[in-house]
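Enquirer: structure of the sequence below:
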Amino acid sequence: FSEMILLGQKEIPFNELEKAGLLNKTKIAEGGKKLRKNWSPSWVVLVGNSLVFFKDPKSQTPSSWKPGNSRPESSVDLRGAKLHWTNELSSKKNVFKLRTVTGNEFLLQSETDSLIREWYTTIQNVIDRLDRENPLDNVLLYSLRRAGSVELLDHSDDDERRTSLPRSSSNLENTERKRVKTRLKKLILKRPPLQALQEKGLIKDQVFGCRLEMLCEREKSTIPRFVRLCTEAVERRGLDADGIYRVSGNLAVIQKLRFLVNHEEKLNLDESEWEDIHVITGALKLFFRELPEPLVPFGFFTDIVETIKMSDYMDKVDRLKCLVLNMPPPNHDTLQFMCRHLRRVLEHSDTNRMTTQNIGIVFGPTLMRPERDNGNMAVNMVYQNQAVELILSEFEHIFGTRGAS
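Expert: Numbering: from 1, shown residues only. The predicted structure is shown next:
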């Protein structure tokens, strides 16, 4: 999280996924500033020191709600957070309020009494554990609050204590504020640069959401290590799985795997917690969807769509080959690697029921998308799917003169 990096704090060790499920949620304050209530269902995942919110699967079309193509709406750092039941803030029953140190406030609710009480207890246990393991000292609390809002200190939980102070204490309060500001400034000036923290291993570079060329340069390869690990796992034990890559894995477990990939150097996908192969395929699809620029670069999208529209088949294949050959090495080699893997999946279509068309439907929008949505999403998707199908069908011809193994 940005606050953690800003203040040079050590990473908090990752803990087991605590809980995941559907709750009603509304945000009522941001940085101490009150917001209008707007209740909506949310898929809530409690993992590590964070509470992560996703859109309610029911609010999306069935085809779009898959772990691989859903991004978190927001996440909450639970370090130093406060939790309490509230009846006065909503006409709904079974409501509790979560308040972060940066002044963000959420109401969470469920019609099921036992369910909401279980959530309250679990979140409170995590907050208590984080406070024991990694307590926030006063200076850090102050800085986090200031990061959330310059007015937050005037709206914090000890408002009543402040207003009850006699006027004669105002000078003492001002002196204390100046002293804290001075300490905070010294702390920030002394903090080591990001590069130094990375070299010491205190802050890990991300894998998910990293630009492909940066990730490959860091790993000294043209194919990301995580892509290799996932495809190898699928080829060891998932080629005959029904609906491989089409069937969704458990969202909470996929997010746990995503977190580990971003924070752990060693990852063994043969461990029992990753035994569901659909979790691994879901994480791999999520990796490609979270690339800031897709595997097929934005600049190639229009040319590929126009190529797919061509009527002469061999001209179409030759032009597609030319486009693919001109992609940057990480994009070309990773695309070739993935398509070779998907052809191995196709070899088992009698058992896994994944035809070329099915794979095109899954990977068309995963591997390529336009830079700007021009309102032709449905039309584009047809051409995206057909492009993947054509690359798979003419793999040997398209990748005939250049590529990685």
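
Enquirer: who touches the longest strand anywhere in the chain?
Expert: Among all segments of the chain classified by DSSP state E, the strand with the greatest residue count is strand 19-30. For strand 19-30, the external contacting residues (C-beta atoms under 8 Å, 6 or more residues apart in numbering) are 34-35, 37-46, 53, 56, 89, 92, 97, 99, 103-110, 115-116, 118-119, 122, 251-252. Yep, even glycine has a C-beta here, placed from its N, CA and C like the rest.

Enquirer: go again with 6 Å.
Expert: With C-beta atoms under 6 Å, 6 or more residues apart in numbering as the test, strand 19-30 has contacts from 35, 37-39, 41-46, 104-110, 122, 252.

Enquirer: please apply the same query to stretch 293-312.
Expert: With C-beta under 6 Å, 6+ apart, stretch 293-312 has contacts from 288, 316, 319-320, 323, 331, 335, 367-371, 383, 386-387.

Enquirer: next, the buried residues of that stretch.
Expert: Neighbour counts over stretch 293-312 (16 or more other C-beta atoms under 10 Å) mark P294, L295, V296, P297, F300, F301, I304, V305, T307, I308 as buried.

Enquirer: pLDDT value on the last one, please?
Expert: At I308 the predicted local distance difference test score is 94.

Enquirer: can you check the fourth one too?
Expert: In this model, P297 is scored at 94, pLDDT.

Enquirer: kindly export stretch 322-341 (C-alpha atoms) in CSV.
Expert: C-alpha atoms of stretch 322-341 as CSV (Å, rounded to 0.1, in the frame of the first residue of the first chain):
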residue,chain,number,x,y,z
CYS,A,322,3.7,-9.8,-40.5
LEU,A,323,2.0,-8.0,-37.7
VAL,A,324,2.9,-10.6,-35.1
LEU,A,325,6.6,-10.6,-36.2
ASN,A,326,6.8,-6.9,-35.7
MET,A,327,5.6,-7.0,-32.0
PRO,A,328,8.2,-6.2,-29.3
PRO,A,329,10.2,-9.4,-28.2
PRO,A,330,8.4,-9.9,-24.9
ASN,A,331,5.0,-9.6,-26.5
HIS,A,332,5.9,-11.8,-29.5
ASP,A,333,7.6,-14.5,-27.4
THR,A,334,4.9,-14.6,-24.7
LEU,A,335,2.1,-14.7,-27.3
GLN,A,336,3.9,-17.6,-29.1
PHE,A,337,4.5,-19.4,-25.8
MET,A,338,0.8,-19.0,-24.8
CYS,A,339,-0.5,-20.1,-28.2
ARG,A,340,1.8,-23.2,-28.3
HIS,A,341,0.4,-24.1,-24.8
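
Enquirer: in that stretch, what's buried?
Expert: Residues 323-324, 327, 330-341 are the ones in stretch 322-341 that count as buried (16+ other C-beta under 10 Å).

Enquirer: done for today, thanks.
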